[in-house]
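[1] the following comprises the amino acid sequence and a computationally predicted model.
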Amino acid sequence: MHNNTEAEATVPAQLGALPSWYGDLLSQVKETVAGARVRVQRAVNTELVQMYWQAGKLNLARQEQEGWGTRSWPGSPRT
């Protein structure tokens, strides 16, 4: 973070000034980011499925204790 209050001007790089390998590097970085995003999405989905499975098991256990038709979750509608 800069402390000066003056606006800093940025100069865009000229396409001819970029190294010849820059396009390949940029493509590799984009592929790496895209792959990481897919892995993160899969991990999140796995955790969500496990969490809902566990919540369902807890709900079923409570229904077995309390009987069918009781409100095992506060605020849940009666069935």
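    It's in.

[2] drop to CA atoms for contacts and neighbour counts, all remaining ones
    OK.

[3] shaky segments in the protein?
    Residue ranges of the chain with pLDDT under 70: 1-7, 9, 11-16, 70-79.

[4] run the last query once more with 90
    Scanning the chain with the threshold set as pLDDT under 90 gives 1-17, 59-60, 62-79.

[5] would you map the helices across it?
    Secondary structure of the chain (DSSP state H): helices located at 22-66.

[6] how many neighbouring residues does Q63 have?
    Q63 has 16 neighbours, counted by other C-alpha atoms under 10 Å.

[7] distance check, it against M51.
    According to C-alpha to C-alpha, to the nearest Å, Q63 and M51 sit 18 Å apart.

[8] T10 too?
    Taking C-alpha to C-alpha, one finds T10 at 47 Å from M51.

[9] just want to know which of these two has more residues nearby.
    For T10 versus M51, neighbours defined as other C-alpha under 10 Å are more numerous around M51 (12 against 6).

[10] let me see the contact set for that one.
    M51 makes no contacts at all, as judged by C-alpha atoms under 8 Å, 6 or more residues apart in numbering.

[11] and if we set it to 10 Å?
    Applying C-alpha atoms under 10 Å, 6 or more residues apart in numbering to M51 gives the contacts N45, K57.
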